[in-house]
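Enquirer: Got a predicted model here, sequence first, then my questions.
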Amino acid sequence: MSDNNSFRAEVAAWLEANCPASMRRPIVAEEMVWGGSRLQFQNEDQRLWFERCRERGWFAPGWPREYGGGGLTPKQARIVEEEMARLSCRQPQYNLGVWMLGPVLLEVGTEEQKREHLIPMMRGERRWCQGFSEPNAGSDLASLKTSARRVQDADGEAYIVNGSKIWTSYGDQADWMYALVRTDASARKQQGISFVLIDMHAPGVSVKPIELISGKSSFCEVFFDNVRVPVRQLVGPEGEGWAVAKKLLQHERAAMSKFAEGGAPSHDALAVARPYLQEAAPAQAAVWRDRLAAQLMDAHAFALTHQRVTAQAMARQDVSGPAAIMKLVQTEQEVAKYELLVQVMGLNGLSWEGEDFTALEHDICRQWLLTKTYTIGGGTSEVQLNIIAKRVLGLPA
Amino acid sequence: MGFLLTEEQTMLRESALAFIAEQSPVARQRALRDDAAPLGYDAALWQQAVELGWPIAALPESAGGLAMGHAGLGAIFELMGRHLAALPLLSHSVLAAELLLQLQDGAQQQRWWPLLAAGDGRLALAIDESQRHLPQGFKTTAQASGDGWRLDGEKWFVIDGVGARWLLVAAQVAGEAALFIVDAAAAGVTVTPLHMADSHNHARVRLDAVQLPADARLELHDAATALERALDCARICLAAEAHGIAREVLERTVAYLKERVQFDVPIGSFQALQHRVARLYCEVELLDSCVRAALSAIDEDSSELPLLASLAKVRANDLCERLLNEAVQLHGGIGVTDEFDLGLFLKRARVIGQTLGDTLYHRDRYARLKGF
Ligand SMILES: Cc1cc2nc3c(=O)[nH]c(=O)nc-3n(C[C@H](O)[C@H](O)[C@H](O)COP(=O)(O)OP(=O)(O)OC[C@H]3O[C@@H](n4cnc5c(N)ncnc54)[C@H](O)[C@@H]3O)c2cc1C
């Protein structure tokens, strides 16, 4: 215990000395540093924070040192996370590889795959995207059709991939994709699917951005035209990609709910609403105040639940029940929060651009639209409810 | 913040579970209601709980307690909720105990602390004076009279007031909050039972020119602050009881959905119903976290205690309203029959929701504490 305390003190001191003040302000979307071959910094603080964390292996404090991680015990890694959250430190690098693919490779990847992929991730040189969804396979992911035919050619064994993916976040910025493909069309739905890693620069890959209602185009369609994927890029056994994907989706849900700790761009609801509350007529102000308090209490209850589940997990208690609610609750709360903020601001909350409104007003409007994606991506709320009903409460199919 | 029970607290919880499940199942509460039991609880059961040390479970060793903390006591409240066990723990062991523990005067401590362990000289707090909880708004007055005090006023909804040997009465002394300990048998004190939907013990207390000795005024550093802390502890324990009710009723409802067949399938296979109970489950988990955090805030004497008390109370109130209504609806016709236990849970949950602050009261308080 006292060892952990002194470790915590060390971590806190290091963060205090090394995390620049501007990296402790709430993140805004434009300032997220995405690792990858197109890595860019907007300012010196971003670079410093990125490089200092990289040196320590703190893009992933709990991963083994040999793959570029921090080599800490789970308890220590959690302390690093907690201390970063306490000081409101931003994530030094945003990368789906670190959050989702990495833990899966550590568990089921080959030694060669770990070396080939984890180390560049930990250097912040390789950005990953997720190629699961297809036009006719969203919630019903297992109905996907992108095919991978196994061949033997001059360069060895490989899959020839044909088909397309949709809703691939930042597909146009990514260096690599982890994807689900069908290696056996005759097998039953969830069998015959394999999990492969695809180089986005390989011949035959093309990417087309899709614009979002928030005015951004982070989504892409990705097309595969006879793309060659060497067999060594297969993760887990052929035909058993579904099991690998399920592991990964657990990490996705965990990562998404962890956003509450300062990972994703968000606003302090009270700070944003306060001036508008003061301008409102008294009778209305009282109602807004009540609704805002309700919102803050929702967030408070969620934060406490996050802490509780972490504490219970550390004590090796079964947390599968409460853990299953985290993604649903956190994303729905974000949606409700922005809905409230936009309304508290009146028509100013629906401003798109121009000098007549504040930057914050524009920002809230776009963030409000962006939150609409939260309850769809990573499994819709309805699918989360299905999971809770069936797996946690044991209700019949 | 401690979200986990210690080994001792877990043992206390387990022995409480066995005791309550055996001695005070829901059928016991139904019988108390049917017999119109004057105390609203079973005196023999209370005596057993006293022997188990529950009234002093949370008290520090220095006051003769078991030092199980409120986290330990909260686990008992949760189980009381699950089994609808009625025991005067909230009044005696939380509200009164918290106030007496804050006594500054050694003589008063020596006189009153031993009463906490002995359940027969039960204590109850009389504070509210209208249909709503308004802890700063009491009008009962105490005036210097002879060598002592004269008390006048009327208190409503005194928790476990019927049969209490001693009443702790909140009164104004020259515009300031003060607390008096009053012998319920003293001249001028009239205690009448209030028959509420939950069949628990609630009383109206009239104080007509009640003459008290000088040392009836409790020596507290600051009565208003002491009251606020005691009330917060009780609000949190009520939230723990509500959490127990919520979990129990959710589990019963899920079990019912699995077994009730309509259209040749268990109704629990209908997604429209699955999603409703899944949402309730989320809320129960959130309430669980709020209750545990608040209980541990008491034990750690955290400055966040008031904030967490209001948080836990609001979420308990809101969830109990929603969950019990949903549970009745999902049970269909049987849910509204008296023969079925659900109604007993519904009634108790609603009384909890109104006791020591409804949702609006605590949301307003939370907002104030947050500075807006
Ligand atoms: C911000 C964002 C980022 C994303 N990023 C990626 C990415 O990087 N890579 C990737 O592969 N995919 C990504 N997705 C896709 C995402 O996984 C899918 O959008 C999601 O799984 C839903 O599929 P769908 O859009 O086809 O909707 P559908 O499955 O068609 O669903 C439509 C509606 O029907 C409901 N519904 C469907 N099935 C059921 C059911 N069984 N029970 C009850 N209701 C049901 C849904 O809840 C929804 O309300 C992203 C999505 C978003 C919004």
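Expert: Cool, the structure landed.
Enquirer: host element of the closest residue to B:G163 other than its chain neighbours?
Expert: In space, and not counting its chain neighbours, B:G163 is closest to B:L39: 5.0 Å by C-beta to C-beta, 6 or more residues apart in numbering or on different chains. Any C-beta I mention is one placed from the backbone N, CA and C, and that applies to glycine too. B:L39 is part of no helix or strand, with elements assigned from DSSP states H and E.
Enquirer: how much space is there between B:L39 and B:H200?
Expert: Relative to B:H200, B:L39 is positioned 10 Å away (C-beta to C-beta, to the nearest Å).
Enquirer: repeat for B:K313
Expert: In this view, B:K313 and B:H200 are 18 Å apart by C-beta to C-beta.
Enquirer: who's more crowded, the two?
Expert: B:K313 (32 against 26; other C-beta atoms under 10 Å in any protein chain shown).
Enquirer: and that one, what are its phi and psi?
Expert: Here is the backbone geometry of B:K313 (degrees, to the nearest 10): phi -70, psi -40.
Enquirer: Tell me who's in contact with it.
Expert: The contact partners of B:K313, by C-beta atoms under 8 Å, 6 or more residues apart in numbering or on different chains, come to B:235-236, B:238-239, B:356-357, B:362.
Enquirer: change it to 10 Å
Expert: Contact analysis of B:K313 by C-beta atoms under 10 Å, 6 or more residues apart in numbering or on different chains lists B:232, B:234-236, B:238-239, B:242, B:290-291, B:294, B:352-353, B:355-359, B:361-363, B:365-366.
Enquirer: State the helix or strand in which B:D232 lies.
Expert: In the assignment (DSSP H and E), B:D232 maps to helix B:223-259.
Enquirer: returning to that earlier point: does the residue nearest to B:G163 touch B:A124 like I think?
Expert: No - counting by C-beta atoms under 10 Å, B:A124 is not a contact partner of B:L39; they are 11.7 Å apart.
Enquirer: Give the residues shared as contacts by the two.
Expert: B:88, B:160, B:162-164, B:201.
Enquirer: quick check: mean pLDDT across the helix holding B:D232?
Expert: Averaging pLDDT along helix B:223-259 gives 98.
Enquirer: what bits of chain A have low per-residue confidence?
Expert: A:1-2, A:253, A:256-264 (pLDDT under 70).
Enquirer: can you count the residues close to the residue nearest to B:G163?
Expert: Using other C-beta under 10 Å, B:L39 is surrounded by 18 other residues.
Enquirer: For it, give me its contacts.
Expert: B:32, B:46, B:86, B:88, B:122, B:160, B:162-164, B:193, B:200-201.
Enquirer: Could you rerun that using 7 Å?
Expert: By C-beta atoms under 7 Å, 6 or more residues apart in numbering or on different chains, B:L39 lies in contact with B:162-163, B:201.
Enquirer: So A:Q40: helix, strand or coil?
Expert: coil (DSSP: H, G, I helix; E, B strand; the rest coil).
Enquirer: burial count for A:T380?
Expert: 15.
Enquirer: ditto for B:L305
Expert: 18.
Enquirer: tell me which element the residue lying closest to it once chain neighbours are set aside falls in.
Expert: What sits nearest to B:L305 in space, not counting adjacent residues and going by C-beta to C-beta, 6+ apart, is B:A297, at 4.7 Å. Taking DSSP H and E as the criterion, B:A297 maps to helix B:271-299.
Enquirer: how about the strands in the stretch 51-200 of chain A?
Expert: Ranges of strands in the stretch 51-200 of chain A, per DSSP state E, counting those that start in this stretch, are A:128-131, A:147-153, A:156-165, A:176-182, A:193-199.
Enquirer: which residues touch the shortest one?
Expert: Surrounding strand A:128-131, the residues in contact under the criterion C-beta under 7 Å, 6+ apart are A:95-97, A:101, A:165, A:168-171, A:174, A:176-179, A:198, A:222.
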